[in-house]
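# Everything below, folded, please.
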Amino acid sequence: MKHICCLLLMLTALTSLPVHAGTAIGYGQGTQTDADNVPLGALDFDAQYRQYGAYATTPDRDRIILTFDQGYENGYTDDILDTLQEKGVTAIFFLTGDYAKSEPELVRRMIAEGHMLGNHGMTHASLPLLDKASAVTELQSLHDYMIEKYSYPMQYFRCPCGEYSEEALCTAQSLGYKTIFWSGAHVDWLVDDQPDPAAALEKLTTQAHGGEILLLHSVSSTNAAILGELIDRFREMGYTV
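Numbers count the residues shown, from 1 in each chain. Here you go, the predicted structure:
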């Protein structure tokens, strides 16, 4: 049911309507793009919410940023890390509290190899559906755990399932976080229904754009299989990854 919820939320197109505190909005970059292939929904989001330290693209239009959501381990993260190391690429890994607690070897490897670790919520709860105190605890408890366990202070947050509100963004900002959404993604988290590798590679290459923040999931066998070639294609297109 959670996977279906995430799918619906990620496919929801952004609107320019104002967001009211306490209202959960499902982020989605949409399919319409500008002349540089950047999704209009991501640009609209940036224009409206960058004041709260929230980003769907990076201002560096020569760069593509790889991000991975780490909800649980499915046996592919080591392979992904191997590929990133081979290609000389660092990424942002957004950890849930469960992942941080259950996968210490992988978390330590991410840190040792120069990757950035982001906060994906202690319990992967939808921040706008929590009261203020609970929302603060959802972020701060994982932040404190990462410092205590790994001596690692996180600075980036990703809203679970892409659910956000103006109040939630303000809460993250008040705790010193920048909130990172995405401008590129594909349906890669359904472990029993993985996309064809060739089709996924073509889709991710076709939708590539300068300033892209690419959302991937490490539970995906397809992502593990195509990551090296995907990085090569991005570089052939002139992007720094």
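# Would you mind finding the longest helix in the chain?
helix 132-150 (DSSP state H).
# Would you mind pulling up the elements that that helix packs against?
helix 97-102, helix 104-112, strand 116-119, helix 166-174 (3 or more C-beta pairs under 8 Å, 6 or more residues apart in numbering; DSSP states H and E). For glycine as for every other residue, the C-beta is placed from the backbone atoms N, C-alpha and C.
# One more pass at 10 Å, please.
Secondary-structure packing of helix 132-150 (3 or more C-beta pairs under 10 Å, 6 or more residues apart in numbering; DSSP states H and E): strand 92-95, helix 97-102, helix 104-112, strand 116-119, strand 156-157, helix 166-174.
# who wins for proximity to residue 65 among these?
strand 92-95 (6.8 Å; C-beta to C-beta).
# CA atoms only for the closest one, dumped as PDB, please.
Extracted in PDB, the C-alpha atoms of strand 92-95 (Å, rounded to 0.1, in the frame of the first residue of the first chain):
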ATOM      1  CA  ILE A  92      23.600  11.900  -1.500                       C
ATOM      2  CA  PHE A  93      22.000   8.900   0.400                       C
ATOM      3  CA  PHE A  94      18.900   9.800   2.300                       C
ATOM      4  CA  LEU A  95      18.600   7.400   5.300                       C
END
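# thinking again about what came up before, with mean pLDDT added, can I get the helices and strands packed on helix 132-150 in a markdown table?
As requested, these are exported to a markdown table (pLDDT from 0 to 100):
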| stretch | mean pLDDT |
| --- | --- |
| strand 92-95 | 98 |
| helix 97-102 | 98 |
| helix 104-112 | 98 |
| strand 116-119 | 98 |
| strand 156-157 | 98 |
| helix 166-174 | 97 |
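# and those as CSV, adding distance to residue 228 and mean neighbour count?
CSV is the format used below for the helices and strands packed on helix 132-150 (distance: least, C-beta to C-beta, whole Å; neighbours: other C-beta atoms under 10 Å):
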stretch, distance to residue 228, mean neighbour count
strand 92-95, 18, 24
helix 97-102, 24, 18
helix 104-112, 18, 16
strand 116-119, 20, 22
strand 156-157, 25, 24
helix 166-174, 33, 21
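# Since that was my last question, I'll sign off now.
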